[in-house]
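*Asks:* please find the sequence and the predicted model below.
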Amino acid sequence: MLRRTLILPTVFLALVALSGCAAEPVPEPAATSTPRPTAAPAAATSPLSCDDIAAPGDIAKIFGDPSGTIPTPVAATQPSTFLVEYAVPALGGLSCSWRVGTAAGNPMDHQADSDWAYLSVKVLPGAAESWAPNDTGNGPTDPLTSIGGIEAATGCGDPGCFISAPVGDAWVEITMSTNSFGTRDVRFDRMTSDAIVAQMQPLAASVYSTLTDAEPSQLAWPAVALTPREPACSGALKPQGIAMALGVDALEYEIFDSSNMNPVYFDGFVSQAAGLFRCDVRADGVLGTSIHVGYGLAGIVDTMITEPDSQAALPPIVLEGAVEGEHAVQVCADPSGYCTVIFSLGESAYSVESVSQAVAVAEAIIAQAR
């Protein structure tokens, strides 16, 4: 990029010193109006926002139904109980989302007659080399689709369709999800998967163009300074306190470490980059109890309780032992009683899944951490 330096004119007044006589008055020069050169506007340096990368018209057209009706999307985050769904901004990426139809509500309570559909655009700088042309981890996508000069993987399946590509040094993931996709979905009824992906391509091309043309500073979103830590089901997860919360004498853990995964799909890579891991409880009489840990990711819980749709679907609770600035939400599936409690503890985020004992386990983790 060329920088132009503006040279402004300067007027020098020469003072003549006369000796031995008085100086004759010197008439002042007539005032003149000299236009000052106009500086060129400074190049944009602020990081791109969701409004910058996705035009409202391109977003709306994705949700067009077979009759040609184009709804009006609103900015909203699809509710989820998975930490990975909220982790991209912590890694220095951009996460954008919009909805049409009624908000999804409780992510553990499927409403068959709901008409929601969400579109998300996630950009993760520095991840392009890890990109793989796979259909959400199920195998290679073949052939690739050229969109705006970028080779992208595309496909559809439960719960919707996706376009995934490396753009510059970033991994860009665009997904569209609906309620009961491919079965009782009314929004795209009688539309083929190819037709739905075709409606997503103009937005993808626009996103790719914006990212390709952006200055480096426009792709420098803030990130959390994560410190790599060895995944371990210890410390705040010590078996003694967790066993007491579950009403058993003893337990063992089975650890699932994302760093050992082959991240062939986007969420897998995000889990690995964020250092997320899971500890599954193994004990007689205990079924379906798992603890997810995200060191340094407490901000995820703040996002859950503030973003539109997510805020309404994930009701807050107060956990014993929590201090000011720490937050918790609880979501349950009726009538099974299976619940997920997601909470911040210090700088980290935790998620506990359990039948009837999620709150007790969460409070045991807090007590053992303090």
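*Replies:* Cool, got the structure. Numbers count the residues shown, from 1 in each chain.

*Asks:* contact partners of the longest helix along the chain?
*Replies:* As assigned by DSSP state H, the longest helix anywhere in the chain is helix 193-213. Contact with helix 193-213 is made by 48, 52-55, 58-59, 61-62, 64, 119, 121, 123, 145, 147-150, 152, 154-156, 161, 163, 165, 167-168, 170, 172, 174, 176, 188, 219, as judged by C-beta atoms under 8 Å, 6 or more residues apart in numbering. Just so you know, the C-beta spots here come from the backbone N, C-alpha and C atoms, and that holds for glycine as well.

*Asks:* ranges for the helices of this structure?
*Replies:* For the chain, the helices defined by DSSP H occupy 50-53, 56-62, 193-213, 239-246, 266-274, 299-304, 310-313, 358-369.

*Asks:* burial measure for the closest residue to residue 64 other than its chain neighbours, as a count.
*Replies:* Sequence neighbours aside, residue 70 is the residue nearest to residue 64 in space, at 4.9 Å (criterion: C-beta to C-beta, 6 or more residues apart in numbering). Counted by other C-beta atoms under 10 Å, the residues lying close to residue 70 total 13.

*Asks:* so residue 70 makes contact with residue 62?
*Replies:* No. Counting by C-beta atoms under 8 Å, residue 70 sits too far from residue 62 to count as a contact (9.5 Å).

*Asks:* give the contact list for the residue nearest to residue 64.
*Replies:* Residues in contact with residue 70, defined by C-beta under 8 Å, 6+ apart, are 60-61, 63-64.

*Asks:* likewise residue 369?
*Replies:* By C-beta under 8 Å, 6+ apart, the neighbours of residue 369 are 235-236, 345-346.

*Asks:* are any of those residues buried, and which?
*Replies:* 236, 345 (16 or more other C-beta atoms under 10 Å).

*Asks:* show me which of the contacts of residue 369 is closest to residue 101.
*Replies:* residue 345 (35.2 Å; C-beta to C-beta).

*Asks:* end to end, how far does stretch 154-162 reach?
*Replies:* Using C-alpha to C-alpha, to the nearest Å, the end-to-end distance of stretch 154-162 comes to 6 Å.

*Asks:* buried residues, that stretch. List them.
*Replies:* Using 16+ other C-beta under 10 Å as the test for burial, stretch 154-162 gives 154-156, 159-162.

*Asks:* do stretch 327-345 as well
*Replies:* 327-333, 338-345.

*Asks:* how about stretch 123-142?
*Replies:* Applying 16+ other C-beta under 10 Å to stretch 123-142 flags 123-127, 130-136, 141 as buried.

*Asks:* quickly note the distance from the most centrally placed residue in the chain to residue 85.
*Replies:* By C-alpha atoms, centre = their mean, the chain has its centre lying nearest to residue 95, at 3.3 Å. To residue 85, residue 95 is 9 Å away according to C-beta to C-beta, to the nearest Å.

*Asks:* so where is the stretch 101-250 of the chain shaky, pLDDT-wise?
*Replies:* 135-140, 182-186 (pLDDT under 70).

*Asks:* how about 80 then?
*Replies:* Low-confidence segments of the stretch 101-250 of the chain, defined by pLDDT under 80, span residues 109-113, 134-142, 158, 180-187, 189-190.

*Asks:* what segments of it are strands?
*Replies:* Taking DSSP state E, counting those that start in this stretch to define them, one finds strands in the stretch 101-250 of the chain at 117-125, 145-147, 150-157, 160-167, 170-178.

*Asks:* report the distance from the third one to the chain centre.
*Replies:* Relative to the centre of its chain, strand 150-157 is centred 19 Å away, using C-alpha atoms, centre = their mean, to the nearest Å.

*Asks:* now do the fourth one
*Replies:* Averaged C-alpha coordinates place strand 160-167 at 15 Å from its chain's average position (C-alpha atoms, centre = their mean).

*Asks:* hmm, who's touching that strand?
*Replies:* 117, 123, 128-129, 131, 133, 135-136, 145, 147, 150-156, 171-178, 181, 193, 196-197, 200-201, 204, 207-208, 211-212, 266.

*Asks:* per-domain residue ranges of the protein.
*Replies:* 50-219, 235-369 (automatic domain parsing).

*Asks:* ok, which of those comes nearest residue 225?
*Replies:* domain 235-369 (7.5 Å).

*Asks:* any idea how far apart the tips of that closest one sit?
*Replies:* 7 Å.

*Asks:* stretch 128-144 too?
*Replies:* End to end - C-alpha to C-alpha - stretch 128-144 spans 16 Å.

*Asks:* go through the domains of the chain and name the closest to residue 226.
*Replies:* That would be domain 235-369 among the domains of the chain, by C-beta to C-beta, at 4.6 Å.

*Asks:* how far is stretch 254-261 from where the chain is centred?
*Replies:* Relative to its chain's centre, stretch 254-261 lies at 22 Å (C-alpha atoms, centre = their mean).

*Asks:* what are the buried residues along that stretch?
*Replies:* 256-258.

*Asks:* coming back round to it: want to throw the contacts of residue 369 into a markdown table with distance to residue 311?
*Replies:* Formatted as a markdown table, the contacts of residue 369 follow (distance: C-beta to C-beta, whole Å):
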| residue | distance to residue 311 |
| --- | --- |
| 235 | 30 |
| 236 | 27 |
| 345 | 20 |
| 346 | 23 |
